[in-house]
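J.: Sequence and predicted structure below; questions after.
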There are 2 protein chains.
Amino acid sequence: MNKWFRLFMSLALILTLVAPTVSAKENEKETKKENRLHVQIVLFDGFDLLDALGPYEVFAAAEMYSGGAVTVELVSAEGKRSVPSGLNGPALEAEAALDPNRSGIILLPGAAGKPAGTSTDSISNILGRAVKTSLAGKIKTAFENKNVTVATVCGGSLLPGMLGMLKDKYAVTNQIGMDALRSMGALAIDARVVEDNPRLVTGGGVTSGLDVALYLVERELGPQIANAVENLFEYEQRGTVWKADGLEPIDFAANP
Amino acid sequence: MNKWFRLFMSLALILTLVAPTVSAKENEKETKKENRLHVQIVLFDGFDLLDALGPYEVFAAAEMYSGGAVTVELVSAEGKRSVPSGLNGPALEAEAALDPNRSGIILLPGAAGKPAGTSTDSISNILGRAVKTSLAGKIKTAFENKNVTVATVCGGSLLPGMLGMLKDKYAVTNQIGMDALRSMGALAIDARVVEDNPRLVTGGGVTSGLDVALYLVERELGPQIANAVENLFEYEQRGTVWKADGLEPIDFAANP
């Protein structure tokens, strides 16, 4: 009996000593998980594969090189579902519902379709259909969330544009969509990546998605992770990220 | 009765006149279909998304701009199935079985995984598992088919390499795989795209897949289609396509 009592007391002592440590460590883990940068790549019917997967793979490689400091997932406004890409391309599985209240980055790709005209498979019609879904309300909520950076690639810039969210904002899209962007009230800038403010980063045509994602990896995780991804992909960030900072170049067209 | 007879004769006459036209047109269509360039992008468990989809989207855009002079599909050695990409990435649906007897282009992407080490999710182990499937025999058949151009991207060059198909061939792969490529007997060339002969075109790291595909579009369909795709993607072919032609630069390391 004495033996059992001593064993019990020893165990109690050990538990007393160990328990707070375990609890502290678990809290630390939780905090770390919360501090992770989370990226939601938004799929919608007719999305462009490269617009979505270029950034996806940049963030996935950054996750690998940083040991999980960033996480990335494919989402859709409707939740987990198979989402067909444009031009009769393959479908991708959205793993979860887009959560505009979750802090991190929300990236909007463009559409793959006919670059002009009004056929049902034209880019403008695919994007037009997308903003008639519940995606519209979620984009608006994301814009209002101070803990979210909205990033766009290619025609993806036209989604918030169509919703009136780019009025008087500096932004870029694919060259073929620049007039449309201006007609939505945006201040269209001819650059591969435009940062209106830290919470709104837009990209130009398809492959500029690599530059948008590498810039965000550099900004959020630092240049060493971005450089490691560049080396792995044999791609280097292209173009100055345009911001409304510093000197303004003389506009020779307006002041000849 | 007379009425029915006249109707019958009219129909017969119409059919006689119309039938040969229809048949000629269908033959024309058939010939055209046969003359189309067909591209098979090969998926295997653990493939790299961008390696496969960069070229896929270049060829898909070329299909759009050429009105169908090229067609592209995702295939797997095993046939129609959902193929998981590496690093726990999303799966893509292979639409058909890789047919190494079909003329055209067969493109082998690399794997997404740990760039070093011997864990099960290392790139070398993913590729090693791929060449233990029926893909191996199909790659060999493709190499023997004089109507097939085998193109590779990134670690995809190591698949034929592991099968001994690159012995004394000029080739490139991702920078991290160049020693492995040499150990397989290949003549490793430091370029983004290497053409050993018109039927073997290899590419470097991930994004060089865009250059491999744009080069093949230019070679097979001409510069105007390649340029249209470049403008749409806001990406321009990078790097000279290396071939064993012309003057050789002096090797100053060997002749100081």
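T.: That came through, no problem.
J.: Look up how far chain B lies from residue A:130.
T.: Taking Cβ to the nearest Cβ, to the nearest Å as the measure, residue A:130 falls 19 Å from chain B. Using the backbone N, CA and C atoms, a C-beta is placed for each residue, glycine as well.
J.: Grab the nearest non-local neighbour of that residue.
T.: residue A:44 (4.3 Å; Cβ to Cβ, 6 or more residues apart in numbering or on different chains).
J.: just checking, the one you found touches residue A:131?
T.: No. Counting by Cβ atoms under 8 Å, residue A:44 stays clear of residue A:131, with 9.1 Å between them.
J.: Which residues are in contact with the residue nearest to residue A:130?
T.: The contact partners of residue A:44, taken as Cβ atoms under 8 Å, 6 or more residues apart in numbering or on different chains, are A:76, A:77, A:83, A:130, A:133, A:135.
J.: between these, which is nearest chain B?
T.: Checking the contacts of residue A:44 against chain B by Cβ to the nearest Cβ gives residue A:83 as the nearest, at 10.1 Å.
J.: unless I'm mixing things up, the closest one is touching residue A:94, no?
T.: Yes. If you go by Cβ under 8 Å, residue A:83 and residue A:94 touch, sitting 5.3 Å apart.
J.: Neighbour count: the two, which is higher?
T.: Taking neighbours as other Cβ atoms under 10 Å in any protein chain shown, residue A:83 and residue A:94 compare with residue A:94 leading, 24 against 20.
J.: The closest residue to that one other than its chain neighbours bridge partners, please.
T.: Sequence neighbours aside, residue A:76 is the residue nearest to residue A:94 in space, at 3.7 Å (criterion: Cβ to Cβ, 6+ apart). Counting by DSSP bridges, residue A:76 is bridged to residue A:43, residue A:97.
J.: Residue A:76: neighbouring residues, count only.
T.: When neighbours are counted by other Cβ under 10 Å, residue A:76 registers 27.
J.: if I pick it, what's in contact with it?
T.: Residues near residue A:76 by Cβ under 8 Å, 6+ apart: A:42, A:43, A:44, A:83, A:94, A:97, A:98.
J.: is it true that residue A:216 lies in a strand?
T.: No. Applying DSSP: H, G, I helix; E, B strand; the rest coil, one finds residue A:216 to be helix, outside a strand.
J.: That one touches residue A:149, doesn't it?
T.: Yes. Counting by Cβ under 8 Å, residue A:216 touches residue A:149, with 7.0 Å between them.
J.: buried sites along stretch A:172-184?
T.: By neighbour count with 16 or more other Cβ atoms under 10 Å in any protein chain shown, stretch A:172-184 contains the buried residues A:172, A:173, A:174, A:176, A:177, A:178, A:180, A:181, A:184.
J.: tell me which element the residue nearest the centre of chain A falls in.
T.: The centroid of chain A falls nearest to residue A:107 when counting by Cα atoms, centre = their mean (2.9 Å). Remark: residue A:107 resides in strand A:104-108, with elements defined by DSSP states H and E.
J.: what comes into contact with that strand?
T.: A:37-42, A:52, A:55, A:98, A:100, A:139, A:142, A:147-153, A:156-157, A:159-160, A:212-213, A:216, A:220.
J.: hmm, try it at 7 Å
T.: With Cβ atoms under 7 Å, 6 or more residues apart in numbering or on different chains as the test, strand A:104-108 has contacts from A:37-42, A:55, A:100, A:142, A:148-153, A:156, A:159, A:216.
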